[in-house]
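[1] got a structure for you, letters missing:
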């Protein structure tokens, strides 16, 4: 594997870890990281690593891709945190009219396919397959007993773990282990991440635009979630191209 390929694996692992952090319910630390620019800087760095093995290593468009993460540079972190939490809740938490977008694979697919009844959040066949994949790789979310393991943030974190394990094996010169981890990552992308995360991100972009037009979320939160969806699509495209 070339140095560029190795850099790509590390960039994908770090990018997926960043997506896991940013799709969770926003806390004050995350808001502060957006305000001080570290989220944008991390996103740019990961994306440049991913691009290192593509198109001759050019990083065209990466600055623009990540610009939305600078949505509140220099602003008040507490105010941004409140705005992001409001947006997250309107997008993914139950409101009086229901849940706009379920952030769990099984529930999201249930709604997307128009299946009858309310979607279950635990012990569905799809959720159990995600849990099985995680257990077989020796990792399971700490809150697996109280939170469905097939959440968007848990699946991004799992992809980061698989890719990071591949990178560690490559650095150690263990080609067999690297192939094992790459295969597990490929399987999880094909069987889970690629089957719902693109649609989940697209729905998020549509809904946050609708909320912004209705004046229900402020412009900084709308820009942040717009950047989040674009960045997630960038990573998923790179993961798909890696298997082509």
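    Right, received. Where do you want to start? Since we're looking at a predicted model, the values are computed, not measured.
[2] once you drop chain neighbours, what's closest to residue 81?
    Nearest residue to residue 81 in three dimensions, chain neighbours excluded: residue 31, at 3.4 Å (CB to CB, 6 or more residues apart in numbering). Yep, even glycine has a C-beta here, placed from its N, CA and C like the rest.
[3] ok, residue 209 next?
    residue 222 (7.0 Å).
[4] residue 69 and residue 152: what is the separation?
    In this view, residue 69 and residue 152 are 17 Å apart by CB to CB, to the nearest Å.
[5] ignore the last one, residue 88
    Residue 88 is 11 Å from residue 152, by CB to CB.
[6] which of these two has more neighbours?
    Between residue 88 and residue 152, counting by other CB atoms under 10 Å, residue 152 is the more crowded of the two (25 against 20).
[7] could you list the low-pLDDT ranges of the chain?
    1-4, 53-60 (pLDDT under 70).
[8] pretty sure residue 90 contacts residue 98?
    No. The pair residue 90 and residue 98 does not pass the contact test of CB atoms under 8 Å, sitting 11.7 Å apart.
[9] of the two, which one has the most company?
    A count of neighbours by other CB under 10 Å puts residue 90 above the other of residue 90 and residue 98, at 19 against 9.
[10] my guess is residue 122 contacts residue 148. True?
    Yes. Under the criterion of CB under 8 Å, residue 122 makes contact with residue 148 at 5.9 Å.
[11] tell me which of those two has more neighbours.
    Each of residue 122 and residue 148 has its neighbours counted (other CB under 10 Å); residue 148 has more, 24 against 16.
[12] does the residue located most distally from the centre of the chain belong to a helix, a strand or coil?
    Taking CA atoms, centre = their mean, the residue of the chain most remote from its mean C-alpha position is residue 173, at 28.9 Å. Following DSSP: H, G, I helix; E, B strand; the rest coil, we place residue 173 in the coil state.
[13] ok, so what distance separates it from residue 179?
    13 Å.
[14] all helices of this structure, in order?
    3-23, 28-35, 38-51, 62-66, 77-92, 105-112, 125-136, 152-171, 175-188, 194-213, 219-243 (DSSP state H).
[15] picking that back up, count of neighbours near the residue nearest to residue 209?
    22.
[16] so it touches residue 87, yeah?
    Yes. The pair formed by residue 222 and residue 87 meets the contact definition of CB under 8 Å, at 7.3 Å.
[17] overlap in contacts of these two?
    Taking CB atoms under 8 Å, 6 or more residues apart in numbering as the contact criterion, the common neighbours of residue 222 and residue 87 are 208, 211.
[18] surely residue 28 and residue 81 touch.
    Yes. In this structure, residue 28 is within contact of residue 81 by CB under 8 Å, at 4.9 Å.
[19] looking at these two, which one has more neighbours?
    Comparing residue 28 with residue 81 by other CB under 10 Å, the one with more neighbours is residue 81, at 20 against 14.
[20] I'd say the more buried one and residue 27 touch.
    Yes. Using CB under 8 Å, residue 81 makes contact with residue 27 at a distance of 7.1 Å.
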